[in-house]
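Visitor: could you look at this predicted model? Sequence included:
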Amino acid sequence: MKRFLKLYMIEQKLALRSGDMLLFGVAMPVGIMILIYMIAGQKQAGEGFTYLESSFASLVAVGICAAAFMGIPLTIADYRDKKILKHFFTTPCSPMWILGSDVLCGAVTAMLSATSVSLVSVIFLGYKVRGNILGFVGAWFLTLVSMFSIGLLMASLCRTVKSVNAVTTLVYFPMLFLSGATIPYELFPSGLQKVSNVLPLTQGIKLMKAVSMGMKMDSIWKTVVLLVGITLVCTMISVKTFRWE
């Protein structure tokens, strides 16, 4: 455990030095939240809820999206490309340690993002959670682990920096803009909403919205089972297919 914590601390320092995750995972969702509030915060986005209430559950997922689809895969691919993983192979360090330390770093970024959005929304914008707060935290955590499992799968399957850059671009931007994470889902035309519903992050955001606003969601258990299934399948494949070089 001490060795793992030491590895994690090193990874966390390197992540904070880069600044990319703080910019795209923390500063960006807070800025978007303020912008949405200024433009249409108190306007009705749907029956019984405003754009501010709808955007809160969406924007706490931006940090998850950035860490899962950019941070984790790019870090692992960069280490593999620079032969850092090859050096790890000669040590007692296991693949679970490496993947686990990067997942923990990403989780810290996602928690910092969600906390920042929450504080700004509640203190300065007057937002209040109408649903169950503990239920919302559980929905957020389930969304996090399921999206991170996809990121781990990308990190394990992509062998080079070039390939992981291509894959992360194809995954990150659709997840960011088409899932309702940044642009309110309610503004999408019906055809685009059908496309959005295919994305795993959309289901996580819908779950968080339903719980945070105290709304009934007909397929809530189907969504939970789907996200749990994604987590188990992607995690198992990522561990089995992990390569040092």
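Guide: Yes, it's here. Numbers count the residues shown, from 1 in each chain.

Visitor: now the residue nearest the centre of the chain: phi and psi?
Guide: In the chain, the C-alpha nearest the mean C-alpha coordinate belongs to residue 64, at 1.7 Å (Cα atoms, centre = their mean). With angles defined as degrees, to the nearest 10, residue 64 sits at phi -60, psi -50.

Visitor: from residue 169, how far out is residue 110?
Guide: Counting by Cβ to Cβ, to the nearest Å, the gap between residue 110 and residue 169 amounts to 20 Å. Using the backbone N, CA and C atoms, a C-beta is placed for each residue, glycine as well.

Visitor: again with residue 53
Guide: With distances defined as Cβ to Cβ, the gap from residue 53 to residue 169 amounts to 31 Å.

Visitor: please identify which of those two sits among more neighbours.
Guide: For the pair residue 53 and residue 169, the greater number of neighbours falls to residue 53 (22 against 12), based on other Cβ atoms under 10 Å.

Visitor: dump the residue contacts of that one.
Guide: Applying Cβ atoms under 8 Å, 6 or more residues apart in numbering, we find residue 53 in contact with 45, 127, 130, 212, 213.

Visitor: most neighbours out of those residues, which is it?
Guide: Using other Cβ under 10 Å as the contact criterion, the top neighbour count among those goes to residue 212, which has 25 neighbours.

Visitor: that residue touches residue 131, doesn't it?
Guide: Yes - with contact taken as Cβ atoms under 8 Å, residue 212 and residue 131 are classed as touching, separated by 5.0 Å.

Visitor: what about the strands in the chain?
Guide: Defined through DSSP state E, the strands belonging to the chain, from first to last, are 44-46, 49-50.

Visitor: lowest average confidence across these, which one?
Guide: The stretch with the lowest average pLDDT out of the strands of the chain is strand 44-46, scoring a mean of 71.

Visitor: my read: residue 200 touches residue 228, true?
Guide: No - Residue 200 is not in contact with residue 228 according to Cβ under 8 Å; the separation is 11.7 Å.

Visitor: spit out the contact partners of the closest residue in space to residue 209 that isn't next to it in sequence.
Guide: Using Cβ to Cβ, 6 or more residues apart in numbering and skipping the chain neighbours, the partner closest in space to residue 209 is residue 57 (4.2 Å). Residues in contact with residue 57, defined by Cβ under 8 Å, 6+ apart, are 136, 205, 208, 209, 211, 212, 213.

Visitor: how many neighbours does the first one have?
Guide: By other Cβ under 10 Å, 23 other residues sit near residue 136.

Visitor: separation between it and residue 215?
Guide: In this structure, residue 136 lies at 12 Å from residue 215, with Cβ to Cβ as the measure.

Visitor: flag the shaky bits of the protein, pLDDT-wise.
Guide: Residues of the chain that meet the criterion pLDDT under 70 lie in 41, 45-47, 88-96, 217-218, 244-245.
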